[in-house]
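*Asks:* Here is a sequence with its predicted model. Questions after.
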Amino acid sequence: MDDLLKEKFAAIVGSQHALSNADDQSPYLTEWRGRWTGTTPLVLRPGSTQEVAKIASLANGTRTAIVPQGGNTGLVGGQIPDASGLQIVISLVRMNGVRAIDPDGMSMIVDAGAVLQTVQEAAAKKDRLFPLSLAAKGTATIGGNLSTNAGGVGALSYGVARDLCLGLEVVLADGSILDDLNTLKKNNTGYDLRNLFIGAEGTLGIITGAALKLYPNPKARTTAFMAVDNPFQALALLRKVQDHAGAALTAFELMPRFGIEITAKHQSGIRDPLPTPYPWYVLMEISSLEGSDHADAVVSEIVEGGMSEAIIQDGTIAANETQRAELWRLREGMSESQKPEGGSLKHDISVPVGKLPAFMVEAEKLVLGWEAAARICAFGHLGDGNLHYNISQPVGADKADFLARGQELSSRLLALVVAHGGSISAEHGIGQMKISELQHYKSPVAMTLMHKIKSALDPHGIMNPGKVLAN
Ligand code: FAD
């Protein structure tokens, strides 16, 4: 990119927000797990929707590729530029304000760069709940959450990011601004354009603002950690809890023994909450609008009932907020705790909830038949049929060799997922990681439609090229 063009881009945001120095750029160029690294002539940090629009207009006119980025916590490389050194990163982190909160109308409007946890806290101050939640909430942004259609731990009760969005403000590839920041629940006025940009991973436009749906803030939450023999028992427990608690069940997470062991080993201050080891665990949360007595009573009934029916082998209920946070750290530290265990084959998959235990039996047979010493860390959102089906290398194995060999296993595992009616990407998206799998498994008609939408909205292919769809 010539210096004159660089100067034009930099002038839009001001030189202090146009990063060209390698040290300043580096946090924007490597993904969380260190799996993708890119290069860029500039990281631009616009401060307003108008600045984003001017960047897009200049990029479109000069055929310059742009890569939107929020908190850089995405796990499929969608927010990282390629190695050409020609793609500009547009970081939204300076656009992080809460524009308005309407507690009576149960909605709020935020800038796309607002950090998820900040949005949750702003809603809580008005005694409202913004229920999207995931382990990366302290860094991930609303724009990134919507662009990946994030799921997370609350999806069971409140839905995924798409379900929590009422309207969007989007800068299109040609620099025009789609202002659809309405907070209406009912609005049937033609095609639902907002839904095009949710889950598009920055390939159709740059989200600059979002109108979000709020919920009543629960008065109390009670969390239980329960041991079960196998995923079939976990599913039986899920059915029992849903029958008993209905919408009050706000999280139901499955974790294997191996995951507990490595999390207790690698995260400081975390211990196994139960005195004896069990093969599987469920972390369950009940939220109550009535208060803690109600939430505690519901959880106690479930735990006692489950134990007397021998669905639950043992369990503990958090007695206070500190214990509750400790139980959640066990779950939320599980992703990070796999890193020090060496190479890990990651699969973010979903199958219909009722088929999940049978799928897991077959998947285990497949994995251990391939490598008997592989260590399976299949954990996650059982209530949504969504697991992070990760496989850690055998102790002492060569990481690069394991990851290279594992590609063939991953293909067979994904084929098994699809054979069970599942999805090859439940919540992380496609990014640059799963483009060939998408081509393989998505129907030709769906792929053709996606390409048509892309060329209609971004005819010059400047919006995050090389992500989701092959160029
Ligand atoms: P980024 O990583 O910056 O970007 C992600 C994608 O969105 C990229 O394609 C990027 O180009 C695009 N994008 C970002 N901002 C915009 C914008 N304003 N306009 C247009 N496109 C944009 N995900 C889940 O769904 N559920 C989980 O439970 C979960 N747990 C996680 C736990 C950990 C520890 C980590 C590290 C990640 C986890 N993730 C999870 C993945 C990640 O946090 C989510 O994908 C998150 O929504 C990404 O937000 P971000 O702001 O970091 O986006």
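*Replies:* Looks like it came in fine. Numbering: from 1, shown residues only.
*Asks:* So which residue is dead centre in the protein?
*Replies:* If you average the C-alpha coordinates of the chain and look for the closest C-alpha using C-alpha atoms, centre = their mean, you land on Ala150, 4.0 Å from that point.
*Asks:* for that residue, what are its contacts?
*Replies:* Leu132, Leu134, Ala140, Gly144, Val160, Ala161, Glu427 (C-beta atoms under 8 Å, 6 or more residues apart in numbering). Bear in mind the C-beta positions are built from the backbone N, C-alpha and C, glycine included.
*Asks:* Strands of the stretch 301-450 of the chain, start to end?
*Replies:* Assigned by DSSP state E, counting those that start in this stretch, the strands in the stretch 301-450 of the chain fall at 314-317, 344-345, 348-350, 375-381, 386-392.
*Asks:* ok and the fourth one relative to strand 386-392, angle-wise?
*Replies:* Here strand 375-381 points in a direction 160 degrees away from that of strand 386-392 (axes from the mean of the first three to the mean of the last three C-alpha atoms, to 10 degrees).
*Asks:* From Ser410, how far out is whichever residue of the stretch 351-471 of the chain sits closest to the ligand?
*Replies:* Scanning the stretch 351-471 of the chain for the residue nearest the ligand gives Glu427, at 3.5 Å (criterion: C-beta to the nearest ligand atom). Glu427 is 17 Å from Ser410, where distance means C-beta to C-beta, to the nearest Å.
*Asks:* between these two, who's got more neighbours?
*Replies:* Neighbour tally, Glu427 and Ser410, criterion other C-beta atoms under 10 Å: the higher count belongs to Glu427, 24 against 17.
*Asks:* measure the more buried one to Gly152 for me?
*Replies:* Glu427 sits 7 Å away from Gly152, taking C-beta to C-beta as the criterion.
*Asks:* list residues touching both of the two?
*Replies:* Between them, Glu427 and Gly152 share the neighbouring residues Val160, with contact defined by C-beta under 8 Å, 6+ apart.
*Asks:* Sort out which residues of stretch 5-23 are buried, please.
*Replies:* Leu5, Phe9, Ala10, Ile12, Val13, His17, Ala18, Leu19 (16 or more other C-beta atoms under 10 Å).
*Asks:* Tell me which entries of those residues lie within helices.
*Replies:* Using DSSP state H, the members of these that fall within helices are Leu5, Phe9, Ala10, Ile12, Val13.
*Asks:* what's the closest of those to Gly74?
*Replies:* Out of those, the one with the shortest distance to Gly74 is Val13. That distance is 22.4 Å, counting by C-beta to C-beta.
*Asks:* Surely that closest one and Gln50 touch.
*Replies:* No. Val13 is not in contact with Gln50 according to C-beta atoms under 8 Å; the separation is 10.9 Å.
*Asks:* wait, what's in contact with the one residue in the stretch 251-400 of the chain that gets nearest to the ligand?
*Replies:* With C-beta to the nearest ligand atom as the measure, the residue in the stretch 251-400 of the chain that lies nearest the ligand is Ser335; the distance is 4.4 Å. Applying C-beta under 8 Å, 6+ apart, one finds that Ser335 lies in contact with Ala135, His388.
*Asks:* change it to 7 Å
*Replies:* The neighbours of Ser335, taking C-beta atoms under 7 Å, 6 or more residues apart in numbering as the test, are Ala135.
*Asks:* what do you get for Ile435?
*Replies:* Contacts were defined as C-beta under 7 Å, 6+ apart; by that measure Ile435 touches Val468, Ala470.
*Asks:* at 8 Å what do you get?
*Replies:* Counting by C-beta under 8 Å, 6+ apart, Ile435 touches Lys467, Val468, Leu469, Ala470.
*Asks:* Now rank these by neighbours and give me the top one.
*Replies:* Highest neighbour count within those, by other C-beta under 10 Å: Lys467, with 27 neighbours.
*Asks:* okay, the ones in helices among the buried residues of stretch 5-23 in JSON lines with pLDDT and distance to the ligand next?
*Replies:* Conversion of these to JSON lines gives the following (pLDDT from 0 to 100; distance: C-beta to the nearest ligand atom, whole Å):
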{"residue": "Leu5", "pLDDT": "97", "distance to the ligand": "22"}
{"residue": "Phe9", "pLDDT": "98", "distance to the ligand": "18"}
{"residue": "Ala10", "pLDDT": "98", "distance to the ligand": "20"}
{"residue": "Ile12", "pLDDT": "98", "distance to the ligand": "17"}
{"residue": "Val13", "pLDDT": "98", "distance to the ligand": "15"}
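*Asks:* How about the residues of the stretch 151-300 of the chain by the ligand?
*Replies:* Taking C-beta under 6 Å from any ligand atom as the test, the list of the stretch 151-300 of the chain residues beside the ligand reads Gly151, Gly152, Glu201, Gly202, Ile206, Ile207.
*Asks:* Selection in ChimeraX covering whichever of those are buried, please.
*Replies:* The ChimeraX command for the buried members of those (criterion: 16+ other C-beta under 10 Å) is given here:
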select :151,152,201,202,206,207
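*Asks:* Can you name the residue of the stretch 201-350 of the chain nearest to the ligand?
*Replies:* Taking C-beta to the nearest ligand atom, the stretch 201-350 of the chain has Gly202 as its residue nearest the ligand, at 3.0 Å.
*Asks:* Correct me if wrong: that residue contacts Gln79.
*Replies:* Yes. Counting by C-beta under 8 Å, Gly202 does reach Gln79; the two are 7.4 Å apart.
*Asks:* which neighbours do the two share?
*Replies:* Jointly contacting Gly202 and Gln79 under the rule C-beta under 8 Å, 6+ apart are Val67, Pro68.
*Asks:* out of the contacts of Ile435, who's near the ligand?
*Replies:* The residues of these that also fall near the ligand, by C-beta under 6 Å from any ligand atom, are Lys467.
*Asks:* Include secondary structure when you put the contacts of Ile435 into TSV, please.
*Replies:* Output for those, formatted as TSV (DSSP: H, G, I helix; E, B strand; the rest coil):
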residue	secondary structure
Lys467	coil
Val468	coil
Leu469	coil
Ala470	coil
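*Asks:* Reformat the contacts of Ile435 as a markdown table; add pLDDT.
*Replies:* Compiled in a markdown table, the contacts of Ile435 are given as follows (pLDDT from 0 to 100):
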| residue | pLDDT |
| --- | --- |
| Lys467 | 98 |
| Val468 | 98 |
| Leu469 | 96 |
| Ala470 | 87 |
